[in-house]
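*Asks:* sequence and predicted structure, then a few things I'm wondering about:
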Amino acid sequence: MAGEHIVRSFDEELERLTTTIARMGGLAEAQIANGIQAVVRRDTELAASVVEADRRIDDLEREVDNQAVQMLALRQPVASDLRSIVGALRIASDVERIADYAANVAKRAIALSQMAPVRPAHAVPRMGRFVQEMIKDVLDAYAGRDVDRAIAVWKRDEELDEMYSSLFRELLTYMMEDPRNITASTHLLFIAKNLERIGDHATNIAEQIHFLVRGVPLRDARPKGDATSFEVLRDEGEGGA
């Protein structure tokens, strides 16, 4: 009887971890959507709210960390239970990074709102919608421990990379046509790069789901469609814009 209680209690704790990550994911999805809308509408108030809301996701990540450390210390899990806890820690970290990139998009939106509109900006909402779908699908896959759905997200990263490469080339052409476009176009390049990095983190989560469920890493080479011949952008995720 005591064993059944321990198992049930552990399962409830795992469910709380999953629920907290789902809350983080929902907030991150909203951050991406609002960041893109701030770009499109040139809405500085909305952009500022995205930057401010990033703190809530940081708080939730700390909550996941605390829950996981307590479970590791008290339960001493092995096999699939250990993978569930370690996987939750890693997925929470990826979601937190996704939110950071969304905040970076919002910061760039504030800067762009002070400049004349740039024609290639039309491609940003499409990239934004695409990464939102990736995040939603991969988090649903995590909640349902659905490896096939996770792998489908993993494969879609190549398409996102191709979107980024296409926008990269378009913006370079736009800057060469008229040097007055350089500053605004550079902000758009950073926005596109942040969205591309969000896709990479969704792919990380998909790989974690595969390991969590099947107990082995995903062996296939990660699909990449980024054809840009050189990298001009520093990864903003390490320090923000």
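*Replies:* Done, it's in.
*Asks:* helix/strand/coil for Met71?
*Replies:* With DSSP: H, G, I helix; E, B strand; the rest coil as the basis, Met71 sits in helix.
*Asks:* which ones are touching it?
*Replies:* Phe10, Glu13, Leu14, Leu17, Pro77, Ile85 (C-beta atoms under 8 Å, 6 or more residues apart in numbering). For the C-beta atoms, the positions are set from N, CA and C on the backbone; glycine is no exception.
*Asks:* residues in contact with stretch 106-123?
*Replies:* Applying C-beta under 8 Å, 6+ apart, the external contacts of stretch 106-123 come out as 31, 34-35, 38-40, 42-44, 46-48, 50-51, 163, 166-167, 170-171, 174, 181, 183-185, 187-188, 190-192, 194, 240-241.
*Asks:* what does stretch 38-46 give?
*Replies:* With C-beta under 8 Å, 6+ apart as the contact definition, stretch 38-46 has outside contacts at 34, 37, 47, 50, 105-106, 108-110, 112-113, 117, 121, 124-125, 191.
*Asks:* which stretches in this structure count as helices?
*Replies:* Secondary structure of the chain (DSSP state H): helices at 2-41, 44-75, 79-112, 123-144, 147-177, 182-214.
*Asks:* how much space between the one residue sitting closest to the centre of the chain and Thr186?
*Replies:* Nearest residue to the geometric centre of the chain (C-alpha atoms, centre = their mean): Ile98, 3.1 Å. According to C-beta to C-beta, to the nearest Å, Ile98 and Thr186 sit 23 Å apart.
*Asks:* repeat for Pro117
*Replies:* Distance of Pro117 to Thr186, given as C-beta to C-beta: 15 Å.
*Asks:* of the two, which one has the most company?
*Replies:* Neighbours per residue, other C-beta atoms under 10 Å: of Pro117 and Thr186, the larger number sits with Thr186, 17 against 9.
*Asks:* which non-adjacent residue is nearest Leu195?
*Replies:* Once flanking residues are discounted, Leu195 sits nearest to Met127: 4.6 Å by C-beta to C-beta, 6 or more residues apart in numbering.
*Asks:* which one of the helices of the chain lies nearest to Asp220?
*Replies:* For the helices of the chain, the distance to Asp220 is smallest for helix 147-177, at 8.4 Å, taking C-beta to C-beta.
*Asks:* now that closest one, how far from the centre of its chain.
*Replies:* Taking C-alpha atoms, centre = their mean, to the nearest Å, the mean C-alpha location of helix 147-177 is offset from the chain mean by 15 Å.
*Asks:* how big is the angle separating it from helix 123-144?
*Replies:* Taking axes from the mean of the first three to the mean of the last three C-alpha atoms, to 10 degrees, helix 147-177 and helix 123-144 form an angle of 160 degrees between their directions.
*Asks:* quick check: buried residues in helix 147-177?
*Replies:* By 16 or more other C-beta atoms under 10 Å, the buried positions in helix 147-177 come out as 147, 149-151, 153-154, 156-157, 160-161, 163-168, 170-171, 174-175.
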